[in-house]
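*Asks:* Quick one: sequence plus predicted model below, questions after.
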Amino acid sequence: MLVTTDQAVALLRKNEIVAIPTETVYGLAASITSEVALKKIFEVKKRPFFDPLIVHVENSKQAQTLTSEWPQIAESLSENFWPGPLTLVLKKNELISNLITAGLERVGLRCPQHPIALEILRKFKNPFAAPSANLFGRTSPTCAHHVEVEFSGLVPIIDGGSSQIGIESTVLLIDGNELAILRPGQILAEDIQNHLRNKSIPFTWKNKISKNESPGHMKYHYMPAKPLFWIEGSIASDLIIKLNQKLKELPSEVEGVTIIKPSQLTQIEELILPPLAREAARILYAELRRMSENNSDCIVFQYQEYMNSSEWEPVLERLRKASSAHIKN
């Protein structure tokens, strides 16, 4: 069911959820002040409560009202990268429900760049939590049609066109002057450090981190509706045999994500991505969804040496977690 921006705001005020466009992927939004609405996110997505949600804010001023501390690093990064695909993980205050943070002391905050998402935030006058609008562990949606198919038309959606970035935001933990990338995205570690160095703001990168404070930290995530295999080396003539061997070795479920296991693989389709990382990111999820609807039994992705760069890491991280298994030839 398609709705307008004003209808979406009315739904949020009535403790309902609504799918909204952002520049990264479509999100399933609920008011942060409504426990009822927040629980609906988890119920509709079939999402476990140990997976934290990201809170979307209108600007850094609003973000500061949700934290117990707002260090100089957060102020400078938000000033430079917001609105945009950067989530800052900071110590929360009492306004943030433990439902949002999975009981953790920190909350992820970001200001989305999509004009519709920003319009909703302005009109609603409250932050909202918004994980990706898909079933838990499955491929994220990058257009309204993806959301409609995912939830059989039962979730109201604002159609804002195709997401321009196509993968989720970079998630950055800020712990005093120590930083850690919990989830890679379009904004890279070097973008962050170059900015902070130019501003003469001291920082260090943490050596040891736990990624539990970030959404999508499980081993399997972003999975298409048929098996996806990561191939290193050439695609050999005996690939089907190796794929079927791998298929038999796979568990039925890992960390709450069901591993799709057809009885037999006979027909494969290769995922071909553009040579530029940002273009690849923009179409990745749409391609995985399109290929899931084709007649092949599985999808294969062949890793290429030119992808060994920081720009490709966000795309490869999604593909690693979306893959049922890895095969080296």
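*Replies:* Yep, it's here.

*Asks:* Give me the average confidence score over the helix or strand harbouring residue 29.
*Replies:* With elements taken from DSSP states H and E, the one containing residue 29 is strand 27-31. Here strand 27-31 scores 98 as its mean pLDDT.

*Asks:* list the helices and strands that strand packs on?
*Replies:* helix 5-13, strand 18-20, helix 35-45, helix 115-124, strand 128-129 (3 or more CB pairs under 8 Å, 6 or more residues apart in numbering; DSSP states H and E). Yep, even glycine has a C-beta here, placed from its N, CA and C like the rest.

*Asks:* Go again with 10 Å.
*Replies:* For strand 27-31, the packing partners by 3 or more CB pairs under 10 Å, 6 or more residues apart in numbering; DSSP states H and E come out as helix 5-13, strand 18-20, helix 35-45, strand 54-56, helix 115-124, strand 128-129, helix 144-150.

*Asks:* For residue 173, which of the ones you listed is the nearest?
*Replies:* Comparison of the helices and strands packed on strand 27-31 against residue 173 by CB to CB identifies strand 54-56 as nearest, at 12.9 Å.

*Asks:* Buried residues, the next helix or strand after the closest one. List them.
*Replies:* Downstream of strand 54-56, the first helix or strand assigned by DSSP H and E is helix 60-64. Of the residues in helix 60-64, 60, 62-64 count as buried by neighbour count, 16 or more other CB atoms under 10 Å.

*Asks:* Burial check on residue 2, number of neighbours?
*Replies:* As a burial measure, the neighbour count of residue 2 was computed by other CB atoms under 10 Å and equals 12.

*Asks:* That one contacts residue 144, correct?
*Replies:* Yes. Counting by CB atoms under 10 Å, residue 144 is a contact partner of residue 2 at 7.0 Å.

*Asks:* what sits in contact with each of those two?
*Replies:* Taking CB atoms under 10 Å, 6 or more residues apart in numbering as the criterion, residue 2 and residue 144 both touch 19, 157-159.

*Asks:* Reformat those residues as TSV; add neighbour count, distance to residue 187 and pLDDT.
*Replies:* Below are the shared contacts of residue 2 and residue 144 laid out as TSV (neighbours: other CB atoms under 10 Å; distance: CB to CB, whole Å; pLDDT from 0 to 100):
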residue	neighbour count	distance to residue 187	pLDDT
19	30	24	98
157	25	27	98
158	23	25	98
159	16	26	98
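
*Asks:* Alright, that wraps it up for me.
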